[in-house]
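Participant: I need the structure of the sequence given here:
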Amino acid sequence: KFWQIFLPRRKKSNGESWNTSNCTTATCIEGKVTVTATVCPNVTLPICTNGRKPVKIYEQNGCCFHYECECVCNVWSGSNYMTFDGQMYNFQQNCSYYLVKEIISKHNLTITRSNNCDPSDSTFCPLALSVTYQSVKAVLTQVKTSGTPTNVVRSSLTGTISVCDIFCTDKIIVYRGSSFSIDLPYSLFGGNTEGQCGTCDNSQANDCRSPNGQIESCSESAGLWTLPGTSCVSPSLPSVTATPFSAVLICNYGLCSLFTPCHSFISPAPFVSSCTYEICNGGNDTCSSLEAYAAECSNAGVCIDWRSDTNGLCEHRCPNNKVYMACGPSVEPTCNDRYNRKFQADVTSSANYTQEGCFCPQGTTLFNTVYDTCVGDCRTDHPAPVSCNICTCKPDVMHY
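Facilitator: Numbers count the residues shown, from 1 in each chain. The predicted structure follows:
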């Protein structure tokens with residue numbers, strides 16, 4: 001047996017209003033319901049100092065909106081910085097620094113960077129990001145697998161890129177080894193960040209602020225955001241050699257011609273400047289600036305397969321069981337339906353977001369994020385179990 005209980009609807013008071021569908025507002029007036037269109041305030045289109053287009057943010061009612069300038073901080077080649085408000089500077093020291101911390105603690109967000117050097121291998125000193133949000137901490141770095149640097153991540157793997165979603169913010173941190181980007185919502189963090197990424201308030205005037213509040217040059221203030229208890233060592237500068245003409249062509253032709261469809265969304269000027277600076281000062285990471293610009297274009301919805309036009313100079317190699325994709329999914333589908341529903345739905349709701357990386361070939365599926373194996377049939381093709389490991393199942397990942 002079952003029972004149904006019907007509760008009487010609450011009567012509306014005279015003059016009471018409530019939102020209805022199709023962006024209308026209903027009002028009770030002397031026993032009659034009057035429906036009017038929802039009135040939204042006038043909005044102005046801001047000019048963003050970081051050169052990005054303002055984004056449209058809808059209010060909770062889904063009808064009215066306002067514009068915001070995105071808070072995106074970029075670091076590439078390990079030493080080229082672009083603050084939240086678009087201030088460019090160059091800084092390179094071997095230490096641990098605050099990239100982002102809150103001026104007034106509201107969400108307990110802290111992002112730091114350091115060089116995670118391998119004491120047994122002096123040539124392997126990857127960049128590491130530590131992200132603390134509320135009570136959760138994640139470290140994004142690289143480890144060597146069979147002699148090949150591989151990104152370590154807790155949310156999704158694409159071979160070259162680690163994507164770390166900051167819970168409940170719809171924004172992400174993208175880690176690529178020698179470069180990364182931090183994308184925070186202005187509504188939560190606007191005007192309340194400090195560190196090497198500056199203050200996200202659409203003003204470059206205070207981007208290069210030191211911990212004591214003084215405004216200095218960016219290269220000077222950046223070195224003052226050290227984590228307590230860390231020692232800093234200035235890296236040895238490479239000897240300047242003749243710049244290969246092909247490298248100069250990559251900077252100019254690559255960023256100015258290959259990426260033409262993206263220029264109206266993201267200005268290439270800072271990336272051309274940093275690319276030229278790198279090769280003219282003895283750097284050998286010519287492709288890092290192109291990679292960083294390509295990632296920003298992808299974030300803006302313009303994905304370009306650029307590596308194939310660099311005559312092999314910027315080729316990306318994948319393991320034998322994977323294939324390279326310039327515009328692959330930000331979350332690769334797996335045989336785990338629960339994982340797919342959670343993470344793919346999150347990405348779909350936030351943006352049309354793609355990532356380059358190494359993916360399973362067409363006709364195969366990634367088994368899961370623990371066993372990095374591509375299978376032809378999720379129902380029958382299971383990888384060999386990892387022996388002598390104790391696995392712990394947590395809400396979103398498996399630790400072993």
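Participant: Val302 is in contact with Ala326, correct?
Facilitator: No: look at Ala326 against Val302 with Cβ atoms under 8 Å: they stay out of range, at 11.7 Å. (Glycine included, C-beta is placed from N, CA and C.)
Participant: separation between the closest residue to Glu296 other than its chain neighbours and Ser217?
Facilitator: The shortest distance from Glu296 to any non-neighbouring residue, by Cβ to Cβ, 6 or more residues apart in numbering, is to Ile266 (4.8 Å). Ile266 sits 25 Å away from Ser217, going by Cβ to Cβ, to the nearest Å.
Participant: same check on Thr199?
Facilitator: Counting by Cβ to Cβ, the gap from Thr199 to Ser217 is 16 Å.
Participant: the two: which is more packed in?
Facilitator: Each of Thr199 and Ser217 has its neighbours counted (other Cβ atoms under 10 Å); Thr199 has more, 24 against 9.
Participant: check contacts around the closest residue to Cys40 other than its chain neighbours.
Facilitator: Closest residue to Cys40 apart from its sequence neighbours, by Cβ to Cβ, 6+ apart: Cys64 at 3.7 Å. Residues in contact with Cys64, defined by Cβ atoms under 8 Å, 6 or more residues apart in numbering, are Thr38, Cys40, Pro41, Tyr58.
Participant: now the nearest residue to Arg307 once chain neighbours are set aside: phi and psi?
Facilitator: Once flanking residues are discounted, Arg307 sits nearest to Cys314: 5.0 Å by Cβ to Cβ, 6+ apart. With angles defined as degrees, to the nearest 10, Cys314 sits at phi -110, psi 30.
Participant: can you check the pLDDT for Cys314?
Facilitator: pLDDT, Cys314: 84.
Participant: same question, Cys378
Facilitator: 87.
Participant: how close does it get to Cys335?
Facilitator: 4 Å.
Participant: overlap of the contact sets of the two?
Facilitator: Thr365, Phe367.
Participant: what are the structural domain limits within this structure?
Facilitator: Here the domain assignment for the chain is 69-235, 237-316, 323-399, based on automatic domain parsing.
Participant: neighbouring contacts of stretch 196-213?
Facilitator: So stretch 196-213 is contacted by 46, 48-50, 69, 71, 73, 81, 83-87, 89, 91, 97-100, 103, 111, 113, 182, 184, 186, 189-194, 215-218, 220-222, 224-225 (Cβ under 8 Å, 6+ apart).
Participant: mind redoing it with 6 Å?
Facilitator: Residues from elsewhere that reach stretch 196-213, judged by Cβ atoms under 6 Å, 6 or more residues apart in numbering: 49, 69, 71, 73, 83-85, 87, 97, 99-100, 190-191, 193, 215-216, 218, 221-222, 224-225.
Participant: residue boundaries of the helices in the stretch 151-300 of the chain?
Facilitator: 186-189, 218-222, 245-249, 269-280, 287-299 (DSSP state H, counting those that start in this stretch).
Participant: most tightly packed of those?
Facilitator: Comparing the helices of the stretch 151-300 of the chain by mean neighbour count (mean count of other Cβ atoms under 10 Å), helix 287-299 ranks first with a mean of 24.
Participant: and that helix, what does it pack against?
Facilitator: Where contact means 3 or more Cβ pairs under 6 Å, 6 or more residues apart in numbering; DSSP states H and E, helix 287-299 is packed against helix 269-280.
Participant: tell me how far the helix it packs on is from the chain's mean position?
Facilitator: 22 Å (Cα atoms, centre = their mean, to the nearest Å).
Participant: and that helix with helix 287-299, angle?
Facilitator: If you take axes from the mean of the first three to the mean of the last three Cα atoms, to 10 degrees, helix 269-280 sits at 160 degrees to helix 287-299.
Participant: then helix 269-280 to PDB, C-alphas only?
Facilitator: Below are the C-alpha coordinates for helix 269-280, written out as PDB (Å, rounded to 0.1, in the frame of the first residue of the first chain):
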ATOM      1  CA  ALA A 269      52.500  40.200 -29.300                       C
ATOM      2  CA  PRO A 270      53.600  39.100 -25.800                       C
ATOM      3  CA  PHE A 271      54.300  35.600 -27.000                       C
ATOM      4  CA  VAL A 272      56.300  36.800 -30.100                       C
ATOM      5  CA  SER A 273      58.400  39.000 -27.700                       C
ATOM      6  CA  SER A 274      59.100  36.200 -25.300                       C
ATOM      7  CA  CYS A 275      59.900  33.800 -28.100                       C
ATOM      8  CA  THR A 276      62.500  36.200 -29.500                       C
ATOM      9  CA  TYR A 277      63.900  36.900 -26.100                       C
ATOM     10  CA  GLU A 278      64.400  33.200 -25.400                       C
ATOM     11  CA  ILE A 279      66.300  32.400 -28.600                       C
ATOM     12  CA  CYS A 280      68.400  35.600 -28.500                       C
END
